Each structure stands twice: as structure tokens, then as C-alpha cells.
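Visitor: Pasting the sequence and the predicted coordinates here, then a few questions.
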Amino acid sequence: MTQMHSNTVDQDEIERFSRLAAEWWNPKGKFKPLHKFNPVRLEEIREQVALNFDRQLGQSKPFEGLTLLDIGCGGGLIAEPMRRLGFEVTAADASKTNIEVAKLHAEEAGLSIDYRATTAEAIAAEGSMFDVVLALEIVEHVADVPFFLTTCADMVKPGGLLFVATINRTAKALAFAIVGAEYVLGWLPRGTHQYSKLVRPEEVEGPVSAAGMTVIEELGVVYHPLEDAWKRSTDTSVNYMTIARRPTV
Amino acid sequence: MAEATDQSSSGVTAGERADILIAGAGYVGLTLAVAVKTAAPSLDVRLVDIAPEGVWKKDGRASAIAAAAIRMLERLNIWDEVRDDAQPITEMIVTDSKTSDVVRPVFLTFGGEAEPGEPFAHMLSNQVLNGALRAKAAALGVSVEQGIGVSAIHPKSAAIDIDLTDGRKLTTRLLVACDGVNSKIRSMAGIQTIRKEYDQAGIVATVGHERPHNGRAEEHFLPSGPFAILPLKGNRSSLVWTESARKAKELVEGDEMVFELELEQRFGHKLGAMTLESGRRAFPISLTLARSFVKPRVALCGDAAHGIHPIAGQGLNLGFKDAAALAQTIVEAERGGLDIGAIDVLEEYQRWRRFDTVQMGITTDILNRMFSNDSSLLRSVRSFGLSLVDRAPPLKEFFIAQAAGLTKGPSPRLLQGDPI
């Protein structure tokens, strides 16, 4: 479990992480857009996992006994709900700060999550495999997209699922996700996304299929301003999610 | 990774952990506990109540329980336990008159059925209801600790640390305040209230009478405030009698015979001679609305969120609605893997309940201002209004639905008789 109170981390650091954790986890704070975005992602993951693994939703901890890897977990906004749903969760982020923040919050929440300040490659190198691998809002930040996706796909057990969520490289995405979200609405810090690094659905499908997985679903996620909520849609031109399954044999 | 065990509390807090602490074991807190545990048995729900052991058994009052609340109690397997003790209200009449009027024109009669065969309300003794809820809570594994309150709260980002009055510490994901109209937790959470004092008190007592009431409830709008007589099992009725605060004190503390005479003057001889069967108590009446029903990790439920004028007999039913809505919000969040104490989850409960509550608070306030006076001008306006309602079936149905708690709109599933 976490070792927050060992001598290796000094008190000032803990307090700094603690402030950052409060920030990450404040639904009204700096990360409000992520909190708003969360329910629709959770809903899709829950439904797809329940369907694939034949689990009954509408009861607590429906995914007990399944393992999940969350790559690019940030402060743990997805990892914690996944743990509550019963998954045994391993969550990784390249940022050490994010991981300390996430550990601290999970500890306070009484949730046992294996947080690691590491990369997808490092976990793959250990030979670990998971029932579900999540790569949410991360591919647009990695250096080598095909290599990253192959690494993620290789860690999915037979019969398991891979979820990739990102932003499409279209004129509409440039207008909405970069100009709109970063410059007009101020939802995200400027420079969060670079247009050239955005990834098209076919650029996700390619490496994932090459790694032996079958794309089973591709859906858009669209913001409804009047309800101030994100909803699922067939429009994949801005935010979208690709779900792939590794065949059992 | 080794067998994952949640809720490790190494270093962060020394106290015990649970998912939810409910403070206050009245009907709201108990209903909430039962509703949550029934739908989500894996949640660790605790209940504490500041009153010493056994005090709830001394509550001699009875309450009108609307049809919607009964559907919920049926769904929670509680109604069967209390059905035999509940008196259906099969008819209700409303009059508007002076205290000295011998003949009271009846402006409104409700042949009170919410649905065919379903009376719009039942009268039930508080003690019987509370006892049945406690038994159900215990059967579901929720213990009620009496004589224990909350002495301090420390909300954090992912949990709330709670100091209990016996010195113990508890860490939970959510704290629900069901600790009444003068809620201590509400003040601890820094939630302000909007408050209006009425210079009125509600006298509550049980009377026996010679003749049967035949399930009829009566409400007389007298100049000093509404006077209601509600049927209990047998030849007994429950009084809810509003007077000026001063007059109420006199009636409650004075001679029993004077009380019975004053009662007779207001109610007449329809049920024969009347005798007091219980003690008399007067409760101050105020309109109290919490400015917010939620704060991070804290939710207010029932009277802790709102105290309203008893003129429409809706206080209890608002509390049941709160419990049903909060239980559904908690259970749905838990099933979705969300954090049940996070402010965005709790705000859903607030959005759901606050409008209805404010509306009811304002309605009862206006009713009280309209009726609790002796102005002949207002009297004729009222008469016209009430007789209009009596002659217009759609309006009347609307009022019956209101009284039964079955109005349209997004009603919590339990109040429609469905599971969460």
C-alpha cells in the first residue's frame, strides 16, 4: 500500500500534494471540465464491461475479480470510480506529482489502488496483463502513437477490452477543442493540446487491429451546453472513444 | 498486487470508517437508512441519535402519512407491520368559520382516494412507525446508537472526519443531518437559514370521543389558525390545534376541563363528549429553510433542511420525499462508481428537492396569512376560492393529489412504489 508517511517524503511535500489533491478533486475548481466529462466516460465503460464480461449492473462492485490498468491516470478521477466498481486497479502516470496526489486522495477515500509513477512500456515490460486497459485522453500527448497503442493493446488479456479516448484531428476539433476550450471558454490551460498531435480514429484503429484486437465500437462524445453535460453521440468529429476487444482464441 | 483491501486508514485518521453516518433516528433518518441498505446492502450505514435510549417510545403524537409515502413504506416492507394500527382517512372536510359559529358552512369535501381503493392518507402513531422502522433497520444490519451526537465535523477532500459526543472518531464518505429543525450539524457545516417566526403554536393531543369518526378528518380555518381533528384507530382522534403562542401556553398549562370546553367550542358535539387521552403539548411554529441543502460531504434531510407551517399537514411528507430522493441519489451514485459524498453528486439531490420545499414553504405561509385572521373581506375571498375548488373537479383532483403527495413531476422511484 501507500507509504506516504515514511521518511522518504518530507512534510512540506505532503502538504503541497494535499493542496494539489484538493484542487484535482474539486468539481468546481480548475479541473471542472474533467469532472463534467467523467460521467459519460464512466457510463460507457460500465456498460461495455458489463456486456463483455456478463456482469450485472445495478448492484455494488459488479466488476469484482477483474483487473484494470489506467494509463495516464492523472489525479485518479477514473481510477477511483473503477476501484469502487470492484476492479483491482493499477493506475500509472508519468508525472510523479500526479501519482502522489492520486495516492493521497485514494488513501483518504479508503480505496486501495496500485498507483505507479511509470509508463505503459515499463508495465508491459513486467509482462503484466489486464482484463481492461484504459488509455483516456492520453494518446494525443504521447511521442509515438502507434508504439504506445501497440503497447496498450498487448497488455489486454484474451477476451478483454481496450478503451481509447481522444480528440479527432479535424477542423471542427481545432475550433472546439483547442480554440473553444482553451482560448474562449478557458476550460483547459492554453497549450494543453497541439493540433498536429491530435489523432484520427483510423490512426487508433490501425495499430490496435494490427495488435490482434477487434474494434467493437466507436462513438462520439458531444457537449450539450443547455444541460451543461456531455452525451454520447455518433458524431466523432471532436471527442471520440474507440473500444476494442481481444478475441478469446 | 496482493488481495486489495479498501478502507485502510493507516496514518490519515486513527478513527473507524463507515460509508455513511446518519445523525438523527427520527422517521427521516430511519427511512433513509432502510432505503439505502435495502438497495445497496454493501454500504456500511451507521445511525446515531442524541436522545437517550427509549425516548422515542414516549412520543404520543400521530402523523398523517400520504399515499405516496405509504407506497414507499410498502416497497420497503414496513407498511405490513403497521397497517393494522393505521387509520385510513376516507373523507376530509374543510370549513372556514369564526370560533363562535355554531353552523359551519362546509366549503370543501374530499372523498379522499388517491387511486381507487387507496385512501389519500392514513393516520399512524409516531411510536408505531418509529418502532417498525427501527426493527427493519436492525434487520438490515444498521444499528442505532442512542445518546450519541456529532460534536464536530472536519470535511476533507475525499472523506469527512466526525467527532462523536462520546469521544469516538468516525471517518465516512457522507454525513447526513436528520437532526431536526434546530440542526446542530447544519450550523457546523456553516449553512445559513431563512427563518420566519409565526406568533403561533401548534397544540398536539389525543382525545377520545363517544361516537365513531368514520374515518373523517376535519380542518377548520379559525381566526387564530387552523384547527384539525384527524381520525385514529377506535373512537380516538388526534388534534392539531393552532393558537397564538400565548393562548396555546394557557391551554396546555391550564386546567384540563377548560381545555375540553375550549375544544368543544371549536369542534362541537358531532362525536359526543370528548376527553383528553394524552398529555397536551404546544410546539412553536416557524418557517425555516436552509439556504443550501448540501455542502461537500454533508447533506441535510427532513426538518434539518426545512420546517414549515403545519397548516397543510405536509411536513412529514416533505421529509419522506427527501429521504426517498437522497436514497436514490446515493444508490445510483454508488452503482455508477461515483463518490457518494462529492458535491456534484449531492447537488443532484438538492436540485431535486429544494424547489419543491421552497414552494411548499411559501404555499403554507400564504395559506396561513390568508386564513389565520378575522377579516370579513378575506373571508369572502376564501369562501369564493374554496367553493370554486369544490365545484371544479380538476382543481379538486389536483388538491387531493397534492395532499396524497402524488403530484406529477420527477418523483423518487420509492414514492411511486418502485424499487431504487
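Guide: Right, received. Where do you want to start? Numbering: from 1, shown residues only, chains lettered A, B, ... in the order given.

Visitor: And stretch B:59-78, what's buried?
Guide: B:60, B:62-73, B:75-76, B:78 (16 or more other CB atoms under 10 Å in any protein chain shown). Glycine gets a C-beta too; all of them are placed from N, C-alpha and C.

Visitor: got a pLDDT number for the closest residue to B:Arg61 other than its chain neighbours?
Guide: Distances taken as CB to CB, 6 or more residues apart in numbering or on different chains put B:Asn126 closest to B:Arg61, at 4.9 Å, once the chain neighbours are dropped. Per-residue confidence (pLDDT) for B:Asn126: 92.

Visitor: need the contact list for B:Ala152.
Guide: Applying CB atoms under 8 Å, 6 or more residues apart in numbering or on different chains to B:Ala152 gives the contacts B:Ile162, B:Asp163, B:Met188.

Visitor: TSV please, covering those residues and showing distance to chain A and pLDDT.
Guide: Output for the contacts of B:Ala152, formatted as TSV (distance: CB to the nearest CB, whole Å; pLDDT from 0 to 100):
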residue	distance to chain A	pLDDT
B:Ile162	14	97
B:Asp163	17	97
B:Met188	20	97
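
Visitor: Please convert these to TSV, extending it with secondary structure, neighbour count and distance to A:Arg190.
Guide: Formatted as TSV, those follow (DSSP: H, G, I helix; E, B strand; the rest coil; neighbours: other CB atoms under 10 Å in any protein chain shown; distance: CB to CB, whole Å):
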residue	secondary structure	neighbour count	distance to A:Arg190
B:Ile162	strand	27	42
B:Asp163	strand	16	45
B:Met188	helix	19	41
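
Visitor: Give the next helix or strand downstream of whichever strand or helix holds A:Glu15.
Guide: Using DSSP states H and E, A:Glu15 maps to helix A:11-24. Per DSSP H and E, the first helix or strand lying C-terminal to helix A:11-24 is helix A:32-53.

Visitor: if we can go back for a sec, just want the angle from the helix holding A:Glu15 to helix A:32-53.
Guide: Interaxial angle, helix A:11-24 versus helix A:32-53 (axes from the mean of the first three to the mean of the last three CA atoms, to 10 degrees): 80 degrees.

Visitor: Quick check: which helices or strands does helix A:11-24 pack against?
Guide: On a contact count with 3 or more CB pairs under 8 Å, 6 or more residues apart in numbering or on different chains; DSSP states H and E, helix A:11-24 meets helix A:96-109.

Visitor: how about the helix it packs on, does it get close to chain B?
Guide: Yes - using CB under 8 Å from any CB of the partner chain, helix A:96-109 reaches chain B at A:His105, A:Ala106, A:Glu107, A:Glu108, A:Ala109.

Visitor: State the distance from the fourth one to B:Ile22.
Guide: Spelled out, it's A:Glu108. Applying CB to CB, to the nearest Å, the value for A:Glu108 to B:Ile22 is 21 Å.

Visitor: pretty sure A:Glu203 is touching A:Val145, no?
Guide: Yes - here A:Glu203 reaches A:Val145: they are 6.3 Å apart, a contact under CB atoms under 8 Å.

Visitor: before we move on, the earlier item: dump the residues of helix A:96-109 next to chain B into TSV; add pLDDT and distance to A:Ala175 as well.
Guide: As requested, the residues of helix A:96-109 next to chain B are exported to TSV (pLDDT from 0 to 100; distance: CB to CB, whole Å):
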residue	pLDDT	distance to A:Ala175
A:His105	93	34
A:Ala106	95	37
A:Glu107	93	41
A:Glu108	92	39
A:Ala109	93	38
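
Visitor: In TSV: the residues you listed, plus neighbour count.
Guide: Formatted as TSV, these follow (neighbours: other CB atoms under 10 Å in any protein chain shown):
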residue	neighbour count
A:His105	28
A:Ala106	27
A:Glu107	25
A:Glu108	20
A:Ala109	25
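
Visitor: of all those, which comes closest to A:Arg169?
Guide: When those are compared for distance to A:Arg169 (CB to CB), A:His105 wins out at 33.0 Å.

Visitor: ok now do that closest one, which residues does it touch?
Guide: A:Ala21, A:Trp24, A:Trp25, A:Gly75, A:Gly76, A:Glu80, B:Ser157, B:Ala158.

Visitor: Ranking by neighbours, what's the top pick from those residues?
Guide: Most neighbours among the contacts of A:His105, by other CB atoms under 10 Å in any protein chain shown: A:Gly76, with 30 neighbours.

Visitor: Wasn't that residue part of a helix?
Guide: No - the assignment for A:Gly76, made by DSSP: H, G, I helix; E, B strand; the rest coil, is coil rather than a helix.

Visitor: roughly how far apart are it and chain B?
Guide: From A:Gly76 across to chain B, the span is 10 Å (CB to the nearest CB, to the nearest Å).

Visitor: Over to A:Leu174?
Guide: A:Leu174 is 30 Å from chain B, by CB to the nearest CB.

Visitor: For A:Glu64, grab the count of nearby residues.
Guide: Residues near A:Glu64, counting by other CB under 10 Å: 11.

Visitor: go on, B:Leu414?
Guide: 28.

Visitor: what's the answer for B:Arg83, then?
Guide: For B:Arg83, the count of nearby residues is 15 (other CB under 10 Å).

Visitor: ok so it is a helix residue?
Guide: Yes - counting by three-state DSSP, B:Arg83 is part of a helix.

Visitor: ok, back up a step: sort out which one of the buried residues of stretch B:59-78 lies nearest A:Ala50 for me.
Guide: B:Arg75 (25.3 Å).

Visitor: Torsion angles phi and psi at the closest one?
Guide: Here is the backbone geometry of B:Arg75 (degrees, to the nearest 10): phi -60, psi -30.

Visitor: For the stretch 201-350 of chain B, give me the ranges with low pLDDT.
Guide: Counting by pLDDT under 70, the stretch 201-350 of chain B contains low-confidence ranges at B:311-313.

Visitor: Mind naming the longest helix for chain B?
Guide: Looking across chain B with DSSP state H, the single longest helix is helix B:343-371.

Visitor: Not counting residues beside it along the chain, what's closest to the residue nearest the centre of chain B?
Guide: Centroid-nearest residue in chain B, with CA atoms, centre = their mean: B:Leu316, separated by 1.8 Å. Distance criterion CB to CB, 6+ apart; nearest residue to B:Leu316, sequence neighbours excluded, is B:Ser63 at 4.8 Å.

Visitor: Can you verify my assumption that the one you found contacts B:Leu129?
Guide: Yes - between B:Ser63 and B:Leu129 there is a contact under CB under 8 Å: 7.2 Å.

Visitor: list residues touching both of these two?
Guide: B:Tyr27.

Visitor: Spell out which residues of chain A are next to chain B.
Guide: A:1, A:4-5, A:18, A:21-22, A:25-28, A:35, A:39, A:42-43, A:46, A:57-61, A:80-85, A:88, A:90, A:105-112, A:114.

Visitor: Please spell out the PyMOL selection for the buried subset of those residues.
Guide: To isolate the buried members of these in PyMOL, using 16+ other CB under 10 Å:
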select buried, chain A and resi 4+18+21+22+25+26+27+35+39+42+46+60+61+80+81+82+83+84+85+88+90+105+106+107+108+109+110+111+112+114
